[in-house]
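J.: Provide a 3D model corresponding to the input given below.
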Amino acid sequence: QVQLVESGGGLVQAGGSLRLSCAASGRTFSAYAMGWFRQAPGKEREFVATIGWNGGSTYYADSVKGRFTISRDNAKNTMYLQMSTLKPEDTAVYYCAAGRLPTIASTDGPYSYWGQGTQVTVSS
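T.: As a prediction, this is how the structure comes out:
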């Protein structure tokens, strides 16, 4: 079992930055591929970024490529999402997810564990 807790969300002006964190319980964090997803009001949950078990592989949604950076620190059982040049359309609840996957995944189905989410609001 893995428990995930997101933090770092908040209110920021357009053009600003935020760093989200996802803290994981358990001793096998390094065995899991991780991902960030988001869900805006009235919309379906969408993929944001994913990272492999050792951080060697990453993949981003086109909408955030070049603005967001995903990373992880396996010694701290924590994953991060550095968000820069934020736009109002980035407003959403951001969720982290974990899965024992052979590779990274950009769809939510393969992920077994999910956090409760953290709200990010970008004002114009």
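J.: what distance separates the start and the end of stretch 50-58?
T.: Start-to-end span of stretch 50-58 (C-alpha to C-alpha, to the nearest Å) is 6 Å.
J.: distance of the residue nearest the centre of the chain relative to Thr121?
T.: The residue lying closest to the centre of the chain (C-alpha atoms, centre = their mean) is Trp36, at 2.4 Å. Separation of Trp36 from Thr121 (C-beta to C-beta, to the nearest Å): 16 Å. Yep, even glycine has a C-beta here, placed from its N, CA and C like the rest.
J.: for Glu6, same thing?
T.: Counting by C-beta to C-beta, the gap from Glu6 to Thr121 is 15 Å.
J.: one more: Asp108?
T.: 22 Å.
J.: then Gly26?
T.: 31 Å.
J.: let's verify the residue nearest to Ser106 when sequence neighbours are not counted: helix, strand, or coil?
T.: Nearest residue to Ser106 in three dimensions, chain neighbours excluded: Phe47, at 4.7 Å (C-beta to C-beta, 6 or more residues apart in numbering). With DSSP: H, G, I helix; E, B strand; the rest coil as the basis, Phe47 sits in strand.
J.: Phe47 against Pro110, yeah?
T.: No - using C-beta atoms under 8 Å, Phe47 makes no contact with Pro110, being 11.2 Å away.
J.: which residues of the protein fall in strands?
T.: 4-7, 10-13, 18-24, 33-39, 46-51, 58-60, 68-73, 78-83, 92-99, 113-114, 118-123 (DSSP state E).
J.: including mean pLDDT, could those strands go into JSON lines?
T.: Output for these, formatted as JSON lines (pLDDT from 0 to 100):
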{"stretch": "strand 4-7", "mean pLDDT": "98"}
{"stretch": "strand 10-13", "mean pLDDT": "98"}
{"stretch": "strand 18-24", "mean pLDDT": "98"}
{"stretch": "strand 33-39", "mean pLDDT": "97"}
{"stretch": "strand 46-51", "mean pLDDT": "98"}
{"stretch": "strand 58-60", "mean pLDDT": "97"}
{"stretch": "strand 68-73", "mean pLDDT": "97"}
{"stretch": "strand 78-83", "mean pLDDT": "98"}
{"stretch": "strand 92-99", "mean pLDDT": "97"}
{"stretch": "strand 113-114", "mean pLDDT": "96"}
{"stretch": "strand 118-123", "mean pLDDT": "98"}
